[in-house]
Each structure stands twice: as structure tokens, then as C-alpha cells.
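Visitor: please work out how this folds:
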Amino acid sequence: MLRLVIKSVVELFSKIFCFLTERRSEKARFKKLSHALKKAHISSADYKLKSLIDSHVGKSGFFLLEKNLDAFISRRNLINKAELTLDLQYYYFQGDTSGHLIAQSLVEAANRGVRVRLLLDDIDTLGADEPIVLLNAHPDIEIRIFNPFYFRGLLRYLEIFNIDRVGRRMHNKALIADNSQAIIGGRNIGDIYFSADPQTLFLDIDLLSVGPVVKHISNSFDEYWNSRWAIPVDDLYSRPGKAYAQSKIKSFLKRHMQDVRRADYSKALIDSQLHNELVSDLPLVWSDAKLFYDEPAKIEQGEHPLSRELKNDLHEVVDSASHSLTIVSPYFVPGQQGVEWFRSIIQKGVKVSVFTNSLAATDVTAVHSGYANYRYDLLAAGVKLYELKPTAYATERKKFKLLQPGSKTSLHAKTIIVDHEKVFIGSPNIDPRSSELNTEIGLLVDDKALAHQVMDMFAGITEARNSYRLILNENTQSKKKILWISEEEGQLKQYTSEPQVGIWRKFSVYVLRLLPMEELL
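Guide: Okay, the predicted model is just below:
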């Protein structure tokens, strides 16, 4: 009886929230539409770029952003040099050191007349109501929230009853300047992505892009920006007066920028190789490329058939492998169907390697529990599995003064390399959430040189000092036993259970593996 009452209450609240959000979405249909520039605009600061693009007809140029500091510098350089438009689309935009630096640059761009459009998912906006409202009040900055919770503030937690909707998020990550230069990849805006967080060093990857492909990225942004699920901030909050907002923005940024200037991070940025570097001066790789992205309507809970889904494009890409397939994904939950597919292509002679996080390195234990269910079957099928150690790249990490003792390294890059000839870089993980619930975006570049750059970048992960190599334990009668092979102090060592984690975390994974939650991971 109690179960029926609870079920009825949940269904009632779900219907109420659906009704309220549907009304707001209908209102959003009448919002002002806006679009990217019709043509790419090359800023006066990067005048040499036009001749480079003209000399590579039909090709797009790419620069691999491997280092976290370079990834931040590149974003800030594009913002600082923009002359007409800036479009930013992010899952996370955090109010920390790097977030404040980016916000400052956006305000400065808007002050010189650049039109700034900022599209944020609502997953990380709790507590950021005031800065969002204030920035949106700038006459040249407009912010829209994608698939927002109906209530703002702490009341949003009431919408746990409507998880079928609010559990679907915009995971896209893109920054476009003047419709001529763009950055796409795995990084959001936040210290953890740019080597400014004292506890965690994320290993990630982005592509700085120029040329024809940027227009396609702008089109994808417009599609999301003008969709019914992108709600203007003015529809969520009351708009403050212009003078009040300007005063508050100025004092807010001044207060936070004083803290930033005192941080070691600001000094490290000056030492970055790309500090104030022009895009036209970078060693760009020129090649053909395709942009893959989900329709915004993907969050409609599967009610309507979609003409375009990134997972279908990715399936065609990986299915084209003839001799090798390398997958880098921090969250890797292939499902039984995925395991069978891996087994089938390995039987055809394709070598498959997968790089993901160890339990000690991951920041999402629940997802690791889903991955752990398939480890034995993946190894039995012939997949080479590598799990990143939390102590990876210990020597390299010493140069980041902000990292504290006991900090860890964690993998966040999402990339696929096919036959050492094609490389995909973007936002999706190989898990049910990216496939079925979130919207995603990424670039497929058909170029051997770039593919080898990415392979070289991740070659260090295969080293036993940085990752565990997983193999089946042939010396046990028990079923489903795995060994973790490691190098420690110059000696090879093997573990028979999850290394570098305590009993409690191992137990939590054991419990989570029993729960029917895989479709949410």
C-alpha cells in the first residue's frame, strides 16, 4: 500500500513539473532568434590566417591542445582577440580562478562591442544565480540555460521526481570566435581542466580549429541556441537595472581578480608556450574533417525519431577499423552488446586497446562499477585494457605549484583513433549516458599526422609507471579473476584486486554493481 502511495505521489509531481516546464518551453518559442555571422571574420590581430586558409582550399586547420595551460591560454586568446562575436557552449562553467579569468575576458570583449552568447547546461548553476543574472544584464552578453530546472536555488532538488527530464543534459563543449576559430574537446571551464586545481590534475584533449569546419560548429551552436530547450535567463530571473548590474559586475570581478593575481596560476600562464601566440603562427595540421553532434531534441526522452545522432556516426567510424582501434574514455561502460561487438572485430583481426580510469583515479565511483561488470569479458574477448593510476605522471606534476601533496591524476579525455589514420575528439564518453541521455559533439579528422600526435600523447599511459595493464589470471581456479600489472620503484608488481583504494570504496563498487542503474551511468 505504501509503495502505491509513493508511486502515485512521484507520478503526480512528475506531471506537475512536466506541465510547468512545457509551458515555459512554449513561451521560449517566441524568444528572439539570433545566428552566427554569415561569413568567417578574421581578426586584425591574426591577419595572416586568411592567406593560410585560402592556400588550403577545402581543408580545415587543427592544432592539438594537449597541455592544460595551453588549452586555457588558447581559449582566452580567442576571446581577447575576437572583434565581432563569441559563442560559448558548456556543460560546466565554474566560478573558480580560471572561470573568473574567462568571465573577465568575456566582459572586456562585450565592453568593446563584441556580441557574446553563452549557452550553459543547468547541471552546475546552483549557487551561481547572481553572477549569471549580472553578466546577462550586460547589453552585449546574453545567457541561455539549456533544459533548466523549473525551480531555482535549492528548490531544484524537488525535481528528483522528474528525473526522466532533468537527468538528460547538454554535455557539449565548444567556443567559437568570429565564426572563424573554434575549440572543441573534453574540457569544460574550471580549474580542474586547466591545472589550477590543488587536488586533481585532469588529462584532457581539445582541438583548436580554423577553416570551413568552423562554420559547421557555428551552425550546431545556433541549432541549440535557438531551440525550445535553451531558455533565456530573463525568463528565469528578474532583470536588474543596467547601472546596478554594471557596478556589481565591476566590483565582483575586481574582488576575485585580486585573488587570481596572487595565485601561482597567473604566473604559470605567462610561462605557457602559447601565451599571446597567434593562431596563424601555430603548426596547424590541414585536413578534411566532419563534425558530429546530437540534435537538441535528443533530450525529448526518445519520443520522436531523430534524423541525426552522434552515436550512429561514431558507430560507423569504429566499424570502419581494419587493423587497429584505440579508445580513450574516462567513463567506459560498453554493455554486453558492446562486448560482443568488440569480440567480433577482434576476431576479424582488429587490435583493440582501451584506456580508462582506475577506481583510484576516477571521480565517479558509480560509473566505475558499471565498467567493472564488463572487465573480465572484455579481456576474454581480447581487448587490451589500461587503467590510469592516480599517481600518473608524478615527475611532470611537480612543476604545477598549485598541486598539493596527495593530489591525484585523473583521465578526462575522450578520443578514438582508427587505424592510426583517423582521430575523433569530442565530448562523449563510451557509456549509456552519452549514448542515450546527454547531447554530445565531436570532430572526426582524417589525417595520419594528427592521429599519430594523439597516439604519442597517450603513449605514456601504456607505461607501467603511469597505468595498470589488466590481464586474466591464469593461475587460479576461480572464475573472473583479474591481475593489475604495475611498475613501482623500478620493479614489476601485480595486484589481485583494485589497487590503491581502501576496503570501503571496494565495497561501495561491489554494492553498486548489484543495482539496476546501468542506463543512467
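Visitor: domains of this structure?
Guide: The record's domain parsing of the chain by automatic domain parsing lists 53-281, 290-299+307-520.
Visitor: out of these, which gets nearest to residue 47?
Guide: Ranking these by distance to residue 47, with C-beta to C-beta as the measure, places domain 53-281 first at 7.8 Å. All C-beta atoms are positioned from the backbone trio N, CA, C, and that covers glycine.
Visitor: gap between the closest one and the chain center?
Guide: Taking C-alpha atoms, centre = their mean, to the nearest Å, the mean C-alpha location of domain 53-281 is offset from the chain mean by 12 Å.
Visitor: can we start the residue count at 7 from this point?
Guide: From this message on, residue numbering opens at 7, which makes the last subject domain 59-287.
Visitor: what about it, how long is it end to end?
Guide: 13 Å (C-alpha to C-alpha, to the nearest Å).
Visitor: and stretch 189-202, by the same measure?
Guide: The first residue of stretch 189-202 is 20 Å away from its last residue (C-alpha to C-alpha).
Visitor: repeat for stretch 124-133
Guide: Separation of the first and last residues of stretch 124-133 by C-alpha to C-alpha is 18 Å.
Visitor: can you list the domains of the chain in a markdown table and add mean neighbour count, mean pLDDT and distance to residue 45?
Guide: Output for the domains of the chain, formatted as a markdown table (neighbours: other C-beta atoms under 10 Å; pLDDT from 0 to 100; distance: least, C-beta to C-beta, whole Å):
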| stretch | mean neighbour count | mean pLDDT | distance to residue 45 |
| --- | --- | --- | --- |
| domain 59-287 | 19 | 88 | 7 |
| domain 296-305+313-526 | 18 | 88 | 18 |
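Visitor: any chance of these in JSON lines, plus distance to residue 52?
Guide: Putting these into JSON lines (distance: least, C-beta to C-beta, whole Å) gives the following:
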{"stretch": "domain 59-287", "distance to residue 52": "5"}
{"stretch": "domain 296-305+313-526", "distance to residue 52": "21"}
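Visitor: among the ones you listed, which is nearest residue 47?
Guide: Evaluated over those, closeness to residue 47 peaks at domain 59-287, with 4.1 Å, by C-beta to C-beta.
Visitor: setting aside sequence neighbours, what's the nearest residue to residue 287?
Guide: With C-beta to C-beta, 6 or more residues apart in numbering as the measure, residue 54 is the residue that lies nearest to residue 287, at 7.7 Å, once sequence neighbours are left out.
Visitor: show me what contacts the one you found?
Guide: The neighbours of residue 54, taking C-beta atoms under 8 Å, 6 or more residues apart in numbering as the test, are 284, 286-287.
Visitor: pLDDT at it, what is it?
Guide: Listed pLDDT for residue 54 reads 88.
Visitor: tell me the spacing between it and residue 488.
Guide: According to C-beta to C-beta, to the nearest Å, residue 54 and residue 488 sit 53 Å apart.
Visitor: swap in residue 89?
Guide: Counting by C-beta to C-beta, the separation of residue 89 from residue 488 is 55 Å.
Visitor: follow-up on the earlier one: how about TSV for the contacts of residue 54, with distance to residue 206 and secondary structure added?
Guide: Formatted as TSV, those follow (distance: C-beta to C-beta, whole Å; DSSP: H, G, I helix; E, B strand; the rest coil):
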residue	distance to residue 206	secondary structure
284	32	coil
286	34	helix
287	32	helix
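Visitor: closest to residue 61 among those?
Guide: Residue 61 lies nearest to residue 286 out of the contacts of residue 54, by C-beta to C-beta, at 11.5 Å.
Visitor: my read: the closest one touches residue 60, true?
Guide: No - under the criterion of C-beta atoms under 8 Å, residue 286 is not in contact with residue 60, lying 12.0 Å apart.
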